[in-house]
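Novice: Could you work out the structure for the sequence below:
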Amino acid sequence: MSPVAAGSSIHLTAADYGVIFVYFLITSSLGLYFAGRWNASEDYFLAGRSLIWPLIGLSLFATKISTEHFVGLGAGASLFGRPDRDIFLCLDLG
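Specialist: Purely as a prediction, here's the structure:
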């Protein structure tokens, strides 16, 4: 059941908008700061070839096992049953 009843709306307060604004400000600032430090696409995609393998592995794992992945697995399992979930589990392990 949805936490918000059908036909109702969510009302944000000034504090909510403040948190959203600060989040976007920090995210944009970090993006602009790091955008100025990259010289080529290799710097962006490969981090300038300066990372050690455990950090690269953690980055790949975090990218693969994201929120969208969990939502997709749940949706697939509810629509198609267990075989769909097992296929994705095998793909993750392989």
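
Novice: Send me the helix ranked longest in the chain as CSV with only the CA atoms.
Specialist: Assignment by DSSP state H gives helix 14-35 as the longest helix of the chain. Taking Å, rounded to 0.1, in the frame of the first residue of the first chain, the C-alpha atoms of helix 14-35 are listed here in CSV:
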residue,chain,number,x,y,z
ALA,A,14,10.7,25.4,3.9
ALA,A,15,13.1,23.0,5.6
ASP,A,16,12.4,20.4,2.9
TYR,A,17,13.1,22.8,0.1
GLY,A,18,16.2,24.0,2.0
VAL,A,19,17.6,20.4,2.2
ILE,A,20,16.9,19.9,-1.5
PHE,A,21,18.6,23.2,-2.4
VAL,A,22,21.7,22.4,-0.3
TYR,A,23,21.9,18.9,-1.8
PHE,A,24,21.8,20.3,-5.4
LEU,A,25,24.3,23.1,-4.4
ILE,A,26,26.8,20.5,-3.1
THR,A,27,26.3,18.2,-6.0
SER,A,28,26.7,20.9,-8.6
SER,A,29,29.8,22.3,-6.8
LEU,A,30,31.5,19.0,-6.7
GLY,A,31,30.7,18.4,-10.4
LEU,A,32,32.1,21.8,-11.4
TYR,A,33,35.2,21.3,-9.3
PHE,A,34,36.0,17.9,-10.7
ALA,A,35,35.0,18.8,-14.2
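
Novice: Mind checking the pLDDT average for it?
Specialist: In this model, helix 14-35 has a mean pLDDT of 93.

Novice: Check stretch 56-64 too.
Specialist: Per-residue scores along stretch 56-64 average to 80.

Novice: What pLDDT is listed against F88?
Specialist: pLDDT recorded at F88 is 54.

Novice: could we number from 288 for the rest of this?
Specialist: OK, 288 is where the count begins now, so the last one is F375.

Novice: ok so, going back, what's the longest helix of the chain packed up against?
Specialist: In terms of contacts (3 or more Cβ pairs under 8 Å, 6 or more residues apart in numbering; DSSP states H and E), helix 301-322 is not packed against any helix or strand. In this view, the C-beta of every residue, glycine as well, is placed from N, C-alpha and C.

Novice: neighbouring contacts of that helix?
Specialist: By Cβ atoms under 8 Å, 6 or more residues apart in numbering, no surrounding residue is in contact with helix 301-322.
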